[in-house]
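Novice: Would you be able to build a 3D model of this:
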Amino acid sequence: MITPGIFKANDIRGVVTGPRPEWDAEGAYVLGTALVDALDLTAAEASLVLGRDMRTSSPELARAFTDGVLSRGADVVDIGLASTDELWFASGHLNLPGVMFTASHNPGHYNGIKFCLAGARPVSPALLHDLARRASHDPPSPVALGTRTEQDLLPSYADHLHSLVDLSGIRRLRVVADAGNGMAGHILPAVLGAQNLDLIGLYTDPDGSFPNHQPNPLEPENLRDAQAAVRVHGADLALVFDGDADRCFLIDERSEVVSPSTITAMIATNELRREPGASIVINKITSRAVQEIVAEAGGRVVVTRVGHTFVKAAMAEHRAIFGGEHSAHYYFRDFWGADTGMLAALHVLALAGHTTEPLSSLAAQYARYVGSGEINSRVDDPAAVLDEVARAFAGRGQADRLDGLTVAGADWWVNVRPSNTEPLLRLNVEAKTSERMAALRDETLALIRS
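Specialist: This is a model prediction of the structure:
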């Protein structure tokens with residue numbers, strides 16, 4: 001079973017348990033056959049690499065998908081339990097298309113698939129449309145059976161990250177790491193276990209029922225345990241990962257959240273010291289401070305739509321050294337242009353460990369505006385609401401439709417955009433002062449929710 005709604009802008013995602021499932025193991029089998037045919041893997045006698053997260057539905061769905069791939073004569077390299085960025089690593093390391101079974105930050109009754117081409121290159125929206133078309137038909141008849149092999153790439157993944165960021169010379173840091181019962185608990189020992197850190201782990205046992213809090217660090221309530229642990233243990237900082245561990249949020253020594261835009265500016269500046277004049281990719285709702293700081297550091301900013309497919313495509317097109325999103329996705333050219341929360345964490349640990357300043361003081365150098373954070377609203381007609389907001393802001397700033405609607409003034413901007421994964425409109429506002437931000441936020445919310 002497959003319902004069309006599971007095909008999103010960047011991946012596949014939908015409910016798999018409960019009274020109204022949107023896809024199941026039979027659908028996963030069909031998707032396996034569809035991907036082989038869409039990528040013409042049978043003709044190429046090629047393989048793909050597959051990983052899965054700790055969700056209770058992932059083993060069954062991954063097995064069914066694998067059976068579909070094998071039925072079309074293609075081979076599968078199964079790396080087993082993995083974070084999404086470990087799957088990106090496997091795709092780059094083996095130069096194979098990649099498939100990751102995960103629903104990222106969604107609750108436990110969801111599951112999904114993220115895809116990449118060989119070398120961790122992003123798939124196109126056209127490929128997802130092709131998969132949806134092929135999956136709407138009965139699966140083709142089996143051909144010569146492919147083979148499945150298992151390979152543990154976690155040590156190689158950790159070695160690659162360590163080759164990019166060396167923590168051996170940093171001062172000793174006390175670090176809280178909240179895995180949220182997601183895949184970070186699986187990879188943390190390999191990546192941070194032998195470093196110069198006093199590591200305090202929270203919820204490091206992978207558990208797809210998420211018994212402690214939901215695996216979405218964008219929601220403030222899911223950060224509170226890590227914030228409390230920073231206070232209790234007197235930690236220098238905390239790392240909070242989402243379910244598939246491709247995103248990492250940072251909390252400073254005061255137990256306050258460091259904006260992902262600030263982290264983007266910090267890492268971008270550091271990377272530009274290594275390669276002056278390089279390109280940095282950001283999305284439409286990253287803080288304006290990042291553009292200003294990158295320009296001051298001699299770099300070039302490329303702005304794209306929100307979503308890893310779009311950012312990864314821009315990273316490849318512009319040979320960008322680094323990219324960052326407001327949602328705490330961070331992309332690195334030395335990681336095949338793909339996103340990795342763990343590598344971003346290593347960069348911040350290195351920056352914090354090579355100074356005696358606390359993280360709050362370090363981060364303050366890169367924060368220039370006040371942001372609203374992302375505010376979601378359910379609406380019946382998103383297009384009509386966007387037009388209403390555009391009319392209300394007509395003549396007050398420069399407007400564009402690169403990603404939803406953005407209106408920008410001299411020291412503020414407002415963005416309203418449809419979600420890529422949920423039936424929501426997302427509002428983000430930024431201004432030079434908290435008063436100006438609040439006024440613009442409240443005005444726009446009133447328009448959206450009226």
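Novice: what's I375 sitting at in phi/psi?
Specialist: The phi/psi pair for I375 (degrees, to the nearest 10) reads phi -120, psi 120.
Novice: Give me the domain ranges for this structure.
Specialist: 4-152, 174-254, 260-364, 370-449 (automatic domain parsing).
Novice: okay if I get the ones you listed as TSV plus mean pLDDT and distance to L164?
Specialist: In short, each C-beta sits where N, CA and C put it, glycine included. As requested, these are exported to TSV (pLDDT from 0 to 100; distance: least, C-beta to C-beta, whole Å):
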stretch	mean pLDDT	distance to L164
domain 4-152	94	11
domain 174-254	96	11
domain 260-364	96	5
domain 370-449	94	29
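Novice: Just put those in JSON lines and tack on distance to L167.
Specialist: Listed next are the domains of the chain as JSON lines, based on distance: least, C-beta to C-beta, whole Å:
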{"stretch": "domain 4-152", "distance to L167": "18"}
{"stretch": "domain 174-254", "distance to L167": "5"}
{"stretch": "domain 260-364", "distance to L167": "6"}
{"stretch": "domain 370-449", "distance to L167": "30"}
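Novice: now D236, nearest residue through space, not along the chain?
Specialist: Once flanking residues are discounted, D236 sits nearest to L173: 4.6 Å by C-beta to C-beta, 6 or more residues apart in numbering.
Novice: My guess is the one you found contacts L199. True?
Specialist: No: between L173 and L199 there is no contact under C-beta atoms under 8 Å: 9.2 Å.
Novice: any idea what sits nearest A278, other than its immediate chain neighbours?
Specialist: I321 (4.0 Å).
Novice: who are the neighbours in contact with the one you found?
Specialist: 271-272, 274-275, 278-280, 332-333 (C-beta atoms under 8 Å, 6 or more residues apart in numbering).
Novice: can you rerun that using 6 Å?
Specialist: The neighbourhood of I321, defined by C-beta atoms under 6 Å, 6 or more residues apart in numbering, consists of 271, 275, 278, 333.
Novice: Nearest to T340 among those?
Specialist: R333 (11.7 Å; C-beta to C-beta).
Novice: Could you give the secondary structure assignment for the nearest residue to N181 once chain neighbours are set aside?
Specialist: Excluding the flanking residues, the one nearest N181 by C-beta to C-beta, 6+ apart is D207, at 4.1 Å. Recorded secondary structure, D207: coil (DSSP: H, G, I helix; E, B strand; the rest coil).
Novice: bridging residues for T149?
Specialist: V77 (DSSP bridges).
Novice: go on, G98?
Specialist: Here G98, judged by DSSP bridges, has bridge partners V49, C116.
Novice: what's the neighbour count on it?
Specialist: Residues near G98, counting by other C-beta atoms under 10 Å, number 29.
Novice: what about the residue nearest to N181, distance to Q214?
Specialist: Distance of D207 to Q214, given as C-beta to C-beta, to the nearest Å: 12 Å.
Novice: same thing with S57?
Specialist: Taking C-beta to C-beta, one finds S57 at 16 Å from Q214.
Novice: Quick one: the strands in the stretch 151-300 of the chain, in order.
Specialist: Per DSSP state E, counting those that start in this stretch, the stretch 151-300 of the chain carries strands over the ranges 173-178, 197-202, 237-241, 248-251, 257-258, 279-283, 300-304.
Novice: In CSV: those strands, plus mean neighbour count and distance to S361.
Specialist: Formatted as CSV, the strands of the stretch 151-300 of the chain follow (neighbours: other C-beta atoms under 10 Å; distance: least, C-beta to C-beta, whole Å):
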stretch, mean neighbour count, distance to S361
strand 173-178, 23, 15
strand 197-202, 17, 20
strand 237-241, 28, 12
strand 248-251, 25, 14
strand 257-258, 20, 11
strand 279-283, 26, 23
strand 300-304, 18, 25
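Novice: ok, back up a step: could you give me the PyMOL syntax to select whichever of the contacts of I321 are buried?
Specialist: This is how PyMOL selects the buried members of those, with burial counted by 16 or more other C-beta atoms under 10 Å:
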select buried, resi 271+278+333
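Novice: Let me see the contact set for the spatially closest residue to P59 that is not a sequence neighbour.
Specialist: In space, and not counting its chain neighbours, P59 is closest to R52: 6.8 Å by C-beta to C-beta, 6+ apart. Contacts for R52 (C-beta under 6 Å, 6+ apart) come out as 58, 62, 101.
Novice: Tell me which of the residues you listed fall in strands.
Specialist: Within these, residues falling in strands by DSSP state E are F101.
Novice: Rebuild the contacts of R52 as a markdown table, extending it with neighbour count and distance to E443.
Specialist: Putting the contacts of R52 into a markdown table (neighbours: other C-beta atoms under 10 Å; distance: C-beta to C-beta, whole Å) gives the following:
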| residue | neighbour count | distance to E443 |
| --- | --- | --- |
| S58 | 21 | 43 |
| A62 | 25 | 47 |
| F101 | 26 | 42 |
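Novice: Name the nearest of the contacts of R52 relative to V290.
Specialist: Of these, the one sitting nearest to V290 (C-beta to C-beta) turns out to be F101, at 32.6 Å.
Novice: Could you find the closest non-adjacent residue to the closest one?
Specialist: Nearest non-adjacent residue to F101, counting by C-beta to C-beta, 6+ apart: R52, 4.0 Å away.
Novice: Confirm L447 sits in a helix?
Specialist: Yes: L447: assigned to a helix according to three-state DSSP.
Novice: Would you work out how far apart the start and end of stretch 159-171 are?
Specialist: Taking C-alpha to C-alpha, to the nearest Å, the first and last residues of stretch 159-171 lie 21 Å apart.
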